[in-house]
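*Asks:* 3D model of this:
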Amino acid sequence: MRTSDQTHAQNRSAFGIAILVVALACAFWFVATSLVKQWVDDPNYTHGLFVIPMAVLLAWRRRKRLAEIPPEESYLGFAVLATGGLIYMLGIAAAELLTMRFSLVVTVFGLVLLTQGWGRTRELMFPLLFLLLMIPIPYILYYKMTFPLQLESSKITAALLTSLGMPVVRTGNVIHLEGYTLEIVTACSGLRSMMTLGTLAIFMTEFFRFGKIGNVLLVALSIPAAVMANTTRLVLTAGISAIAGPETADSFLHELSGIVVFLAGLVMLAILAGLIEWIAKRRRVS
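*Replies:* Numbers count the residues shown, from 1 in each chain. A predicted model of the protein is given here:
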């Protein structure tokens, strides 16, 4: 009889949680679809498409440790869910999409805490916080960040072109070459590469064992790696225009160079991670 009562209680709990999940899915449907739409339509945030699969992989890597922790219901999860709901309502009242998107992550955290307990939630803390990287920053902040980067990118690119013997005149974020004008637009500021490589760097800290300082160092080094990759692309564009003409520089080769240079930045990041791990091992041995 006691076993039967426990089974009925578990079934009622599972049914209640299922209803809650469905209700939350309906409530956050607009937020989720708006996120996916921006990831697909805005090339600045394409990396958001990969954040959830990466977070799932990070959680899957913890499966053995999770198996050692029994799942349990934590009613503290209701408080976190209520907080997520309050943030969501504030976002609706202010018509502020960023707040609503942040509330989605808070709600997921609360749902995991409610259904799995604090022990498992603590083990999943990093994958859950990693989900914050899928939220695009507001455009007003994005453009405030890109303009200084455009100027710095133009300065570095002009200096490199001059060192290569190319006649260059720079005016703000515009570089004038012989027969070609290279404008460092928002998309070429390097912020897109910084966000993507930064996300990858944070993800990679899970796979390398070099401690907290090494993790921070890898993420910090992703910024100069992105700057170098972006500058290389700009120099390549100028070089193509000088060799093959402006039309060729503005053709599909411009986009192709962006892909190639990004992959080069990724390889550079992997090399940096390997180097930091090697130094960490040497320090442990000594």
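
*Asks:* how about the helices in the stretch 101-250 of the chain?
*Replies:* Along the stretch 101-250 of the chain, counting by DSSP state H, counting those that start in this stretch, helices occupy 125-130, 139-163, 191-204, 211-244, 246-249.

*Asks:* Which one, of these, ends up nearest to Ala67?
*Replies:* Of all the helices of the stretch 101-250 of the chain, helix 125-130 sits nearest to Ala67, with 15.9 Å by Cβ to Cβ. Any C-beta I mention is one placed from the backbone N, CA and C, and that applies to glycine too.

*Asks:* Return the distance of the closest one from the chain's centre.
*Replies:* 12 Å (Cα atoms, centre = their mean, to the nearest Å).

*Asks:* ok so, going back, which one of the helices of the stretch 101-250 of the chain is the most hemmed in?
*Replies:* Across these, averaging neighbours per residue (mean count of other Cβ atoms under 10 Å) puts helix 191-204 on top, at a mean of 22.

*Asks:* now what about that one, what contacts it?
*Replies:* Around helix 191-204, the neighbours that count as contacts under Cβ atoms under 8 Å, 6 or more residues apart in numbering are 43-47, 50-51, 54, 58, 130, 133, 142, 145-146, 149, 218-219, 221-223, 225-227, 229-230, 262, 265-266, 269-270, 273.

*Asks:* tilt between that helix and helix 139-163?
*Replies:* Using axes from the mean of the first three to the mean of the last three Cα atoms, to 10 degrees, one finds that helix 191-204 and helix 139-163 are set 100 degrees apart in direction.

*Asks:* please begin residue numbering at 12 from this point
*Replies:* Understood, numbering begins at 12; the last thing we discussed is helix 202-215.

*Asks:* low-confidence ranges in the stretch 12-161 of the chain?
*Replies:* Residue ranges of the stretch 12-161 of the chain with pLDDT under 70: 12-27.

*Asks:* mind checking how far the residue nearest to Val185 when sequence neighbours are not counted is from Glu288?
*Replies:* Closest residue to Val185 apart from its sequence neighbours, by Cβ to Cβ, 6 or more residues apart in numbering: Glu194 at 5.0 Å. Relative to Glu288, Glu194 is positioned 40 Å away (Cβ to Cβ, to the nearest Å).

*Asks:* These two: which has the busier surroundings?
*Replies:* In this view Glu194 and Glu288 are compared by other Cβ atoms under 10 Å, and Glu288 has more residues nearby, 17 against 13.

*Asks:* before we move on, which element is that one in?
*Replies:* Assigned by DSSP states H and E, Glu288 belongs to helix 263-296.

*Asks:* which helices and strands sit right next to that helix?
*Replies:* helix 202-215, helix 222-255 (3 or more Cβ pairs under 8 Å, 6 or more residues apart in numbering; DSSP states H and E).

*Asks:* So what's the gap between it and the chain middle?
*Replies:* Helix 263-296 has its C-alpha centroid displaced from the chain centroid by 17 Å (Cα atoms, centre = their mean).

*Asks:* Okay, angle between that helix and helix 222-255 too, please.
*Replies:* Inter-element angle recorded for helix 263-296 and helix 222-255: 150 degrees (by the same axes, to 10 degrees).

*Asks:* thinking again about what came up before, can the helices of the stretch 112-261 of the chain go into CSV with extra columns for distance to His187?
*Replies:* Below are the helices of the stretch 112-261 of the chain laid out as CSV (distance: least, Cβ to Cβ, whole Å):
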stretch, distance to His187
helix 136-141, 43
helix 150-174, 10
helix 202-215, 24
helix 222-255, 11
helix 257-260, 12
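
*Asks:* Which among those is found nearest to Leu77?
*Replies:* Closest approach to Leu77 among those (Cβ to Cβ): helix 136-141, 10.8 Å.

*Asks:* Mind giving me the packing neighbours of that closest one?
*Replies:* Packed next to helix 136-141, using 3+ Cβ pairs under 8 Å, 6+ apart, are helix 59-71, helix 108-134.

*Asks:* Next, the angle helix 202-215 makes with the shortest one.
*Replies:* Read it as helix 59-71. Going by the same axes, to 10 degrees, helix 59-71 is angled at 10 degrees with respect to helix 202-215.

*Asks:* got the contact list for helix 59-71?
*Replies:* For helix 59-71, the external contacting residues (Cβ under 8 Å, 6+ apart) are 46-47, 49-51, 135, 137-139, 141-142, 144-147, 210, 214, 217.

*Asks:* So this structure: which segments form each domain?
*Replies:* Under automatic domain parsing, the residue ranges defining each domain of the chain are 13-145, 150-296.
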